[in-house]
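S.K.: Provide a 3D model corresponding to the input given below.
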Amino acid sequence: PDEPVHAQGRTTALRLGPTRRGQGGGATERVLRLAQGAVGAHDEDDAMPLGGGTGHRPGGEQRLIVGMGVHRDESPAVGGHGPILPHGTLGGVRVLMVSDCYAPRVGGIETQVGDLTAQVRARGVDVEVLTMTPGPPLPHVHRLGRPIMRDVLWDPRTRADLRRLIRPSGNTVVHAHLGVLSPFAADAVRIAVAAGVPVVATWHSRLRPVVRPWAASGVLRRWAAAGVALTAVSTVAAREVSAAAGGARVSVLPNGIDVGTFHPPPVGVAGGAPSAVALDRSSRAAADQPTHEAPLRVVTTMRLAPIKRPLATLAIVARARALAAGSRDIRLQIIGDGRLRPRVEREVERRGLSGAVTLSGRVAREQVAADVAASDVFLSAARLEAFGIAALEARALGVPIVTPPESGVCDIIIDGVDGVVAPDDEAMARTLADLATGPDRLAALAAGARATPPRQTWARVTDLVLQHYSTALTGGRDTMPA
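M.R.: Sure, this is the predicted structure:
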């Protein structure tokens, strides 16, 4: 299913934070209304005109967290100088992991919250999950309330349950996971602040479309003033949360990956079980290095929704094929499904790409890894990508990435070493064409991607998460030294 909208304009009665008489309430309602628009108007699949791009390419800035209130966390998870809590534990601590969305729903935040819960539990920490997502009973998972509107995970009756579960004990931390608008998690933050329970709040979405109304509401600014540790999954997402919080400090708390599952296959070995794309390798006589004649195999994994820009992805590949015509073919595999699939299928036909594009739909996670590992390039064209879990998986598998500069994927790669940061759609198309016709450049990027595992391993990310919990419990306002 498509990722649910956490809230829409119909929930304008929702109170996201304490308001003072005469201010805040109207601003909060405006945030809710504009958030509804952000899910639609700002997520349009707006492919830029192709054919006259700029040659500008950003360099190096993705490694630094700069800008209003955003600070670099000195830990291995974000390129720091050694572990803060090397494989440490916080015995006796109780963590309430709060997320509107959770399994059995399928999506980035659901996967990450589930995996993070398992990782933190493995360090000896007592973790309970609080969610609004209906589903089968699971140990330590509290499924609260019942959505009162379709695809809106909100029920005001859950507040009583949250107050019962979020109680001060001296060793409890609330870790709230939020999107553009997450009413259930936001209620949990407000209740925890009122009860004096430490809170770590992590944004998994981009707030760019609603930064100004959020800032006007003062909600996040009040959370920061109350001691809530504001975090986001990438540099660009952290900048936007900071702006929405009136310049408050925001740390980067990235998503993690299991490098035991996602790692480059040995040289000369295919990525895994054969699929429609993997079978195309037969023309290369099982050679690990691409030949000039074999098609350049581009892969992307996405939900077929406007924010992921599947139509723009088709336009980019069509343009790249035109630029490389006569030299080398370019093929695209799109893994994933969603409500735009009929439109994507029509666009494939309209552009004459039926023989060049494979729509694989939703496949098992193991098969995703096999297909991505069997590809030459991973294309991530979404501009409002907060992090890019699929891109991180590709990076861990040793596949170079092409992405725009405003994407959270830029935290995952080093431009020109294990991927390319291309300023616009035309530049992404030209990059693919260059990689198709320049095997040496492609081989260098692939070698760079294979040489070093990504920094966002679960071991490192969990160290950083535990550091945030420890700091919150000791009353520290700053999550890390600047």
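
S.K.: which stretches of the stretch 151-300 of the chain form strands?
M.R.: 172-178, 199-203, 229-232, 250-252, 296-301 (DSSP state E, counting those that start in this stretch).

S.K.: closest to Glu349 out of those strands?
M.R.: Smallest distance to Glu349 across these (Cβ to Cβ): 19.0 Å, for strand 296-301. For glycine as for every other residue, the C-beta is placed from the backbone atoms N, C-alpha and C.

S.K.: output the closest one as CSV, nothing but the C-alphas.
M.R.: The C-alpha atoms that make up strand 296-301 are tabulated as CSV, following Å, rounded to 0.1, in the frame of the first residue of the first chain:
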residue,chain,number,x,y,z
LEU,A,296,24.1,0.1,-18.8
ARG,A,297,21.8,-1.3,-16.1
VAL,A,298,20.2,1.5,-14.1
VAL,A,299,18.0,0.5,-11.1
THR,A,300,15.8,2.5,-8.7
THR,A,301,13.7,1.4,-5.8
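
S.K.: parallel or antiparallel, list what pairs with that strand.
M.R.: strand 330-335 (parallel), strand 377-379 (parallel) (DSSP bridges).

S.K.: list the contacts for the residue positioned nearest the centre of the chain?
M.R.: Centroid-nearest residue in the chain: Phe387, 3.1 Å away (criterion: Cα atoms, centre = their mean). Shown in contact with Phe387 (Cβ atoms under 8 Å, 6 or more residues apart in numbering): 108, 204, 233-234, 237, 254-255, 408-409, 411.

S.K.: for Ser380, state which of those is nearest.
M.R.: Lowest distance from Ser380 to those (Cβ to Cβ) belongs to Val409, with 5.0 Å.

S.K.: wait, a strand at the residue nearest to the centre of the chain?
M.R.: No - under DSSP: H, G, I helix; E, B strand; the rest coil, Phe387 sits outside any strand and is assigned coil.

S.K.: angles on the backbone of it, please.
M.R.: The phi/psi pair for Phe387 (degrees, to the nearest 10) reads phi -140, psi -60.

S.K.: check what pLDDT it gets.
M.R.: According to the per-residue confidence, Phe387 scores 94 in pLDDT.

S.K.: same thing with Arg365?
M.R.: According to the per-residue confidence, Arg365 scores 84 in pLDDT.

S.K.: check contacts around the closest residue in space to Ser234 that isn't next to it in sequence.
M.R.: With Cβ to Cβ, 6 or more residues apart in numbering as the criterion, Ser234 has its nearest non-adjacent residue at 3.3 Å, and that residue is Gly408. For Gly408, the contacting residues are 206, 233-237, 385-388, taking Cβ under 8 Å, 6+ apart as the criterion.

S.K.: same thing but at 10 Å, please
M.R.: Under the criterion of Cβ atoms under 10 Å, 6 or more residues apart in numbering, the contact partners of Gly408 comprise 62, 204-206, 232-238, 252, 254-255, 380, 382, 384-388, 391-392.

S.K.: for Ala176, same thing?
M.R.: Ala176 touches 96-100, 130, 182, 184-190, 192, 199-203, 223, 228, counting by Cβ under 10 Å, 6+ apart.

S.K.: switch to 7 Å and redo it
M.R.: Taking Cβ atoms under 7 Å, 6 or more residues apart in numbering, we find Ala176 in contact with 98, 185, 188-189, 199, 201.

S.K.: which two among these are spaced furthest apart?
M.R.: Of all pairs in the contacts of Ala176, the most separated under Cβ to Cβ is Ala185 and Val199 at 10.2 Å.

S.K.: the residue nearest to the centre of the chain and Thr437, how far apart?
M.R.: Between Phe387 and Thr437 the distance is 31 Å, computed by Cβ to Cβ, to the nearest Å.

S.K.: before we move on, what about Ala201?
M.R.: On the measure of Cβ to Cβ, Ala201 and Thr437 end up 47 Å apart.

S.K.: so if I had to pick from these two, which one is more boxed in?
M.R.: Set side by side, Ala201 and Thr437 show unequal neighbour counts under other Cβ atoms under 10 Å, the larger going to Ala201 at 28 against 17.

S.K.: shouldn't that one be in contact with Val228?
M.R.: Yes - the criterion here is Cβ atoms under 7 Å, and Ala201 meets it with Val228 at 5.4 Å.

S.K.: shared neighbours of these two, anything?
M.R.: Common contact partners of Ala201 and Val228 (Cβ under 7 Å, 6+ apart): Val189.

S.K.: quick one on the thing from earlier: how about the backbone phi and psi for the residue nearest to Ser234?
M.R.: For Gly408, the backbone dihedrals are phi -70, psi -10 (criterion: degrees, to the nearest 10).

S.K.: next one: it from Gln456, what distance?
M.R.: Gly408 is 11 Å from Gln456, where distance means Cβ to Cβ.
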